[in-house]
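Asker: I need the structure of the sequence given here:
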Amino acid sequence: MIKPRTPPGVMELLPPDQIAFQRMLDVIRRNYERFGFLPVETPVMELSEVLLTKSGGETERQVYFVQSTGALGKASAEGGAGEGLPELALRFDLTVPLARYVAEHEHELAFPFRRYQMQRVYRGEKNQAGRYREFYQCDIDVIGKDALSVRFDAEIPAVIHAVFSELDIGAFTIQLNNRKLMRGFFEAQGVADDELQALVLREVDKLDKRGEEHVRQTLTGEGFGLAADAVDRIMQFVKFRSATHAQALEALDALARDGANDALAQGVAELREVLDLVRAMGVPESGYALNFSIARGLDYYTGTVYETTLDAYPQLGSICSGGRYDNLASQYTKSKLPGVGISIGLTRLFFQLQKAGLVQAAGSSVQVLVTQMDAAHLPHCLAVASDLRRAGFNTEAVMEPGKLAKQFKYANRAGIRFVVVLGEDEIAKGTVTVKDMLREDQFTIARAELAGALRVELAQAQAQKDARA
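Answerer: Numbers count the residues shown, from 1 in each chain. Prediction:
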């Protein structure tokens, strides 16, 4: 007999945790849609030549390729594995499939194209806690045709704020920066080579994780060799964190006065406009800050970049990140398609929040259990259950008669709050008895008034919860 076990690097949850995870997905989806983003789903498999636009590298070493048993059998019969890579591969993120999607449907889409996508992706990660081979990403992107105003960059923090406010997992800060501003500043310090700038960007992006001394030694060490005084100025620059909106603008004004080069000036102007619009969109001043060390590791980011952190749990790192890029689909079309977007890696975030005690297993999604003590009562029980479902309650009906105590025990274990009892007396009088498993009391009410009474009970419970919050 084969031992049942899940493969390493996947998250498989029991119903209470799965309900909590699903509710987080629902919150994210609801807020994405409120901001006018449209749903897109792409196949879990892409053609390898489309997915892997660059040969070799770290990405390809983490890709799962897909091969049918028929293709394997054919290759075996022909005496070899065939030439090249398998035809299909599992997507490793949602950005490359988006690029392919927009390029393929370019003439059918309305631009700016606002899409959200919430699907699983696959990577051959090493087996360790918090790292997954299959995981959910929840992305939004705005894609322009030929050009895209920086004003869209300002909308992204408003979406982030709406999502994490409703998730209610603690105070958080959306940290912003601009790659043009950073490159312009580095150029002013004598770091003008594009490749060296990219290396410096990656290193300063690690400041909060590895510390100032590590970054300083790296920049002055082998492979970089920057002058000590230039590194001093860079470290002073990247350590800046604004505490207020006014402080952020003062820092930008100081950089603008230096007037070192066009890239710096453009980055300053873009960030200033983004910050002013973020405030205009209602994001509170305490919810965002400038952080001049934020660069994001991916080289395709060209302007505004974002990272979001929980104030009380900085060790969790960024819980939502992204930024602006100049040309999403250059590998697939000659059209210029600039965009801006973010991603929430929800599987890893859920694991981290559970570990930190910030998210708890949820109660059952079933709100009402309709019991059955006698098979002759089944039509009445089913009618009550149907009435409750039409009234909007998630309702389970017991399909086999049994002892009431056993049915109460089932409801308690399953986390179902309300248990509706229909005995001979209730059926004769047109009433039902409701046992509230949470408050450990019960009441009898007319069947016609059942749905209204349950609504009142749920509203009172929500009011008490809100008052405690």
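
Asker: CA only for contacts and neighbour counts going forward, please
Answerer: Will do.

Asker: which residues of the stretch 301-450 of the chain fall in strands?
Answerer: For the stretch 301-450 of the chain, the strands defined by DSSP state E, counting those that start in this stretch cover 301-310, 320-325, 339-345, 368-370, 395-397, 418-421, 431-436, 441-446.

Asker: tell me the mean pLDDT for the strand or helix carrying Leu290?
Answerer: In this structure, Leu290 sits in strand 288-290 according to DSSP states H and E. Average pLDDT, strand 288-290: 97.

Asker: Relative to Asn178, how far out is Ala171?
Answerer: With distances taken as CA to CA, to the nearest Å, Ala171 is found 24 Å from Asn178.

Asker: neighbour-wise, which of these two wins?
Answerer: Taking neighbours as other CA atoms under 10 Å, Ala171 and Asn178 compare with Asn178 leading, 27 against 14.

Asker: could you pull out the strands for the stretch 51-200 of the chain?
Answerer: Assigned by DSSP E, counting those that start in this stretch, the strands in the stretch 51-200 of the chain fall at 65-66, 88-90, 113-122, 134-143, 172-178.

Asker: of the ones you listed, which approaches Glu12 most closely?
Answerer: strand 134-143 (10.3 Å; CA to CA).

Asker: which ones are touching Gln331?
Answerer: Applying CA atoms under 8 Å, 6 or more residues apart in numbering to Gln331 gives the contacts Thr53.

Asker: And it, how far from Arg100?
Answerer: 9 Å.

Asker: In a markdown table: the strands of the stretch 301-450 of the chain, plus mean neighbour count, mean pLDDT and distance to Tyr132.
Answerer: Converted to a markdown table, the strands of the stretch 301-450 of the chain look like this (neighbours: other CA atoms under 10 Å; pLDDT from 0 to 100; distance: least, CA to CA, whole Å):
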| stretch | mean neighbour count | mean pLDDT | distance to Tyr132 |
| --- | --- | --- | --- |
| strand 301-310 | 23 | 94 | 20 |
| strand 320-325 | 23 | 95 | 17 |
| strand 339-345 | 24 | 96 | 10 |
| strand 368-370 | 25 | 98 | 36 |
| strand 395-397 | 20 | 98 | 35 |
| strand 418-421 | 23 | 97 | 38 |
| strand 431-436 | 20 | 97 | 40 |
| strand 441-446 | 12 | 95 | 44 |
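
Asker: Of all those, which one is nearest His245?
Answerer: Across the strands of the stretch 301-450 of the chain, His245 has its closest neighbour in strand 301-310 (16.2 Å, CA to CA).

Asker: That closest one pairs with which strands?
Answerer: Using DSSP bridges, strand 301-310 pairs in its sheet with strand 172-178 (antiparallel), strand 320-325 (antiparallel).

Asker: For the residue nearest to Leu90 when sequence neighbours are not counted, the count of nearby residues, please.
Answerer: Nearest non-adjacent residue to Leu90, counting by CA to CA, 6 or more residues apart in numbering: Met45, 4.6 Å away. Residues lying near Met45 (other CA under 10 Å) number 18.

Asker: quick one: contacts for Met45?
Answerer: Contact analysis of Met45 by CA under 8 Å, 6+ apart lists 66, 88-91.

Asker: So Thr309 is in contact with Ser318, correct?
Answerer: Yes. With contact defined as CA atoms under 8 Å, Thr309 reaches Ser318; the gap is 5.0 Å.

Asker: Report the beta-bridge partner residues of the most centrally placed residue in the chain.
Answerer: Nearest to the geometric centre of the chain sits Ile344, at 2.3 Å (CA atoms, centre = their mean). Counting by DSSP bridges, Ile344 is bridged to Cys138.

Asker: Double-check it against Ile140; I have them as touching.
Answerer: No. Here Ile344 does not reach Ile140: they are 9.1 Å apart, not a contact under CA under 8 Å.

Asker: Distance of the residue nearest to Pro15 when sequence neighbours are not counted relative to Phe408?
Answerer: Spatial nearest neighbour of Pro15, excluding adjacent residues (CA to CA, 6+ apart): Ser364 at 7.9 Å. According to CA to CA, Ser364 stands 15 Å off from Phe408.

Asker: try Gly70
Answerer: Computed as CA to CA, the Gly70 to Phe408 distance reads 52 Å.

Asker: Between those two, which has more neighbouring residues?
Answerer: The neighbour comparison of Gly70 against Phe408 (other CA under 10 Å) goes to Phe408, with 20 against 9.

Asker: Quick one: residues in contact with stretch 191-208.
Answerer: With CA under 8 Å, 6+ apart as the test, stretch 191-208 has contacts from 182-183, 186, 215, 218-219, 224, 238, 293-297, 299.

Asker: Would you mind giving these as TSV with secondary structure, distance to Ala461 and pLDDT added?
Answerer: Compiled in TSV, the contacts of stretch 191-208 are given as follows (DSSP: H, G, I helix; E, B strand; the rest coil; distance: CA to CA, whole Å; pLDDT from 0 to 100):
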residue	secondary structure	distance to Ala461	pLDDT
Met182	helix	50	90
Arg183	helix	53	90
Phe186	helix	56	87
Val215	helix	51	85
Thr218	helix	56	84
Leu219	helix	57	86
Phe224	coil	60	81
Val238	helix	48	87
Ser293	coil	45	89
Ile294	coil	42	90
Ala295	coil	45	85
Arg296	coil	43	81
Gly297	coil	45	66
Asp299	coil	49	70
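
Asker: between those, which has the most around it?
Answerer: Among these, Ala295 has the most neighbours (other CA under 10 Å), with 30 neighbours.

Asker: dump the residue contacts of that residue.
Answerer: Ala295 touches 177-179, 201-202, 204-205, 305, counting by CA under 8 Å, 6+ apart.

Asker: any idea how this structure splits into domains?
Answerer: Here the domain parsing of the chain from automatic domain parsing is 15-44+91-355, 368-468.

Asker: Out of these, which is the most enclosed?
Answerer: Per-stretch averages of neighbours, counted by mean count of other CA atoms under 10 Å, single out domain 15-44+91-355 among these, with a mean of 18.

Asker: How about Asp146, nearest residue that isn't a chain neighbour?
Answerer: Of all residues not flanking Asp146 in the chain, Lys336 sits nearest, at 4.9 Å (CA to CA, 6+ apart).

Asker: Tell me the spacing between that neighbour and Leu226.
Answerer: Applying CA to CA to Lys336 and Leu226 gives a distance of 36 Å.

Asker: separation between the residue nearest to Leu90 and Tyr288?
Answerer: Using CA to CA, one gets 37 Å for the distance from Met45 to Tyr288.

Asker: swap in Arg413?
Answerer: Using CA to CA, one obtains 43 Å as the distance from Arg413 to Tyr288.
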